[in-house]
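Asks: Based on what follows, work out the 3D shape:
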Amino acid sequence: MGLTETLAERFDVDENGSDVRTEFVAGLTTFLAMSYIIVVNPAILADAILWDHEAGAPAEQTTIDGVVYTWPEVFQMLAIVTILAAVAGTLVMALYAKRPFGLAPGMGLNAFFTFSVVAALGVPWQTALAAVFVEGILFVLLTAVGARRYVIELFPEPVKFAVGAGIGVFLLFLGLQELQIAVAYDATLVQLGDIASSPVALLGLLGLGITLVLYARGVTGSIVIGILTTTLLAWGLTFAGLFDRGTVTPAELAEPQYDITPLAGAFVDGLREVDPLVFTLVVFTFFFVDFFDTAGTLIGVSQFAGFLDEDGDLPEMDKPLMADAVGTTVGAALGTSTVTTYIESATGIEEGGRTGLTALVVAALFLVSLVVIPLVTAVPSFAAYIALIVVGLLMLQGVVDIEWDHPAWLIAGGLTITVMPLTASIANGLAAGLIAYPVVKTAMGEGSDVHPGQWGIALAFVAYFYVTTSGVFF
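Replies: This next block holds a predicted model:
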């Protein structure tokens, strides 16, 4: 039996109406669509590792185990960790769940790690990694007994169908900020930036325009091409003398190296000499955010791919949830935030991918991408953030499944979508929708349709809001 026949049999390719060549093409397509994470995740998490709590901003360098590391060096280590975490999670998805989904450190979740936990709460990044590791273990245990699937299936339909769009708006807002298109303003909180006088905004808009045109033309890997084109333009203009080094390009590049020991296992240090109460509350916060964010993203990608049943549930959800759980645990041990299923997996599904063989190809391509690590620090952070805007726009498609003429759907779905970007938290958006749904349904005289478990989730989120906003513990 040849390799093609072996793969076809191992992944039940024929039974799923596909073939090995189609699965390989689908895997390549998914990888090209989501490989931007190799540079975007380090751009976000580097701020957490370099965060100066006294200055309230990232520093140019940090000390880990007595050794000083610069931003480019931290960025490069995080790129390697990002790839390895993606390989681990996607392999479980391929070989155990047998779904055509790619996994990697999650967008939105990495922002929560950096800006909400490390920056806002003042938690050391090692402790934040320890919290992710602990809740990853909890995820594995809860998934094994079916508890995660049970809770997720309690999500009201309007929240399930709105969460993808909410994440999309949140990512879109983050991308606009990094490109200096949306900037802070005291009177209205945000306003349009000085685009005409900002090299970053001008190049960012140009790169975004190229990316959107390529996407509209159906070009595979349009996001990656857009990021690379923007990077080449930035360096070309710098070498031509139009900009100083460090204006639209990194001020310095890291020497190529593959040592990730400063990050791998750092979560162990985070477990030492911690305040038990504070650490428990950080784990609690991460658990809530990651539990519902991961669920939301998985539902979002399954909705986008047409895998949900008539009740909005994903058949055999426990298996892909286990891939998320294992990926999160391994990723935290290596030094990155929560691993989750990627909405870009739908691009491979559109190419015909239907089995775990698609995911296996994605994992293999991520592993091969380790050879380009020496080049990743040359990518300007604003160029990488173009991906957030494009992905955010793509995720808005989920709003078409919301029954906007139904008050409970309108209020729960609308709050889910809008609260996420307005509070810079995916979990807050989910919480708003999950709390609103049983209240509105009961107000409409349809309280009998509300499952007791939905009231339980709503009350749990009320407690979550109290813990995180009262100032009693943080």
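Asks: For the stretch 151-300 of the chain, which segments count as strands?
Replies: For the stretch 151-300 of the chain, the strands defined by DSSP state E, counting those that start in this stretch cover 182-185, 189-192.
Asks: TSV please, covering these and showing distance to Ala383.
Replies: All C-beta atoms are positioned from the backbone trio N, CA, C, and that covers glycine. Below are those laid out as TSV (distance: least, CB to CB, whole Å):
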stretch	distance to Ala383
strand 182-185	17
strand 189-192	21
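Asks: what about those, which gets the closest to Thr469?
Replies: Checking the strands of the stretch 151-300 of the chain against Thr469 by CB to CB gives strand 189-192 as the closest, at 17.9 Å.
Asks: Looking at the strands of the stretch 151-300 of the chain, which is nearest to Ile457?
Replies: Nearest of these to Ile457, taken as CB to CB: strand 189-192 at 30.0 Å.
Asks: What's the mean pLDDT across that closest one?
Replies: Averaging pLDDT along strand 189-192 gives 91.
Asks: Name the SS class of the closest residue to Tyr36 other than its chain neighbours, please.
Replies: Spatial nearest neighbour of Tyr36, excluding adjacent residues (CB to CB, 6 or more residues apart in numbering): Ala387 at 3.9 Å. Here Ala387 is recorded as helix under DSSP: H, G, I helix; E, B strand; the rest coil.
Asks: For my notes, confirm Pro100 occurs in a helix.
Replies: No. Applying three-state DSSP, one finds Pro100 to be coil, outside a helix.
Asks: for the strands of the stretch 151-300 of the chain, which one sits closest to Leu367?
Replies: Proximity of the strands of the stretch 151-300 of the chain to Leu367 was assessed by CB to CB; the nearest stretch is strand 182-185, lying at 36.4 Å.
Asks: Mind giving me the packing neighbours of that closest one?
Replies: helix 157-178, strand 189-192 (3 or more CB pairs under 8 Å, 6 or more residues apart in numbering; DSSP states H and E).
Asks: CA atoms of the first one as PDB?
Replies: Coordinates of the C-alpha atoms in helix 157-178 are reproduced here as PDB (Å, rounded to 0.1, in the frame of the first residue of the first chain):
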ATOM      1  CA  GLU A 157     -28.100  30.500  19.900                       C
ATOM      2  CA  PRO A 158     -27.800  34.300  19.400                       C
ATOM      3  CA  VAL A 159     -24.600  34.300  21.500                       C
ATOM      4  CA  LYS A 160     -23.200  31.400  19.500                       C
ATOM      5  CA  PHE A 161     -23.800  33.100  16.200                       C
ATOM      6  CA  ALA A 162     -22.700  36.600  17.400                       C
ATOM      7  CA  VAL A 163     -19.400  35.700  19.100                       C
ATOM      8  CA  GLY A 164     -17.400  35.400  15.800                       C
ATOM      9  CA  ALA A 165     -18.500  38.900  14.700                       C
ATOM     10  CA  GLY A 166     -17.700  40.300  18.100                       C
ATOM     11  CA  ILE A 167     -14.200  38.900  18.000                       C
ATOM     12  CA  GLY A 168     -13.800  40.300  14.500                       C
ATOM     13  CA  VAL A 169     -14.700  43.800  15.600                       C
ATOM     14  CA  PHE A 170     -12.300  43.600  18.500                       C
ATOM     15  CA  LEU A 171      -9.400  42.500  16.300                       C
ATOM     16  CA  LEU A 172     -10.300  45.100  13.700                       C
ATOM     17  CA  PHE A 173     -10.100  47.800  16.400                       C
ATOM     18  CA  LEU A 174      -6.700  46.500  17.600                       C
ATOM     19  CA  GLY A 175      -5.400  46.600  14.100                       C
ATOM     20  CA  LEU A 176      -6.600  50.100  13.400                       C
ATOM     21  CA  GLN A 177      -4.800  51.300  16.600                       C
ATOM     22  CA  GLU A 178      -1.500  49.700  15.700                       C
END
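Asks: list the buried ones in stretch 311-330?
Replies: Residues of stretch 311-330 classed as buried by neighbour count (16 or more other CB atoms under 10 Å): 312-314, 317-330.
Asks: I'd say the residue nearest to Tyr36 and Val40 touch.
Replies: Yes. Between Ala387 and Val40 a contact is recorded at 5.4 Å, counting by CB atoms under 8 Å.
Asks: The two: who's more crowded?
Replies: Val40 (31 against 27; other CB atoms under 10 Å).
Asks: and Trp258, how many residues sit next to it?
Replies: Rather than Trp, residue 258 is Tyr. 10.
Asks: Nearest residue to Gly414 in space, ignoring adjacent ones along the chain?
Replies: Closest to Gly414 by CB to CB, 6+ apart is Ala162, at 7.5 Å.
Asks: Surely the one you found is in contact with Val400?
Replies: No. Ala162 sits out of contact with Val400 when judged by CB under 8 Å, with a separation of 11.2 Å.
Asks: more crowded one of these two?
Replies: Using other CB under 10 Å, the more surrounded residue of Ala162 and Val400 is Ala162, with 29 against 9.
Asks: check contacts around that one.
Replies: Counting by CB atoms under 8 Å, 6 or more residues apart in numbering, Ala162 touches 398-399, 402, 412-414, 416-417, 433.
Asks: Buried ones from these, can you make that a ChimeraX selection?
Replies: Entered in ChimeraX, the line below selects the buried ones among the contacts of Ala162, by 16+ other CB under 10 Å:
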select :398,399,402,412,413,414,416,417,433
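Asks: Looking at the contacts of Ala162, which is nearest Leu141?
Replies: Of all those, Leu141 sits closest to Gly433, with 26.7 Å by CB to CB.
Asks: Helix or strand next in line after the lowest-mean-pLDDT helix or strand in the chain, which one?
Replies: Within the chain, no helix or strand scores below helix 276-305, which has a mean of 71 by mean pLDDT, DSSP states H and E. Using DSSP states H and E, the next helix or strand after helix 276-305 towards the C-terminus is helix 318-334.
Asks: from the middle of its chain, how far away would that next one be?
Replies: On the basis of CA atoms, centre = their mean, to the nearest Å, helix 318-334 is displaced by 13 Å from the centre of the chain it belongs to.
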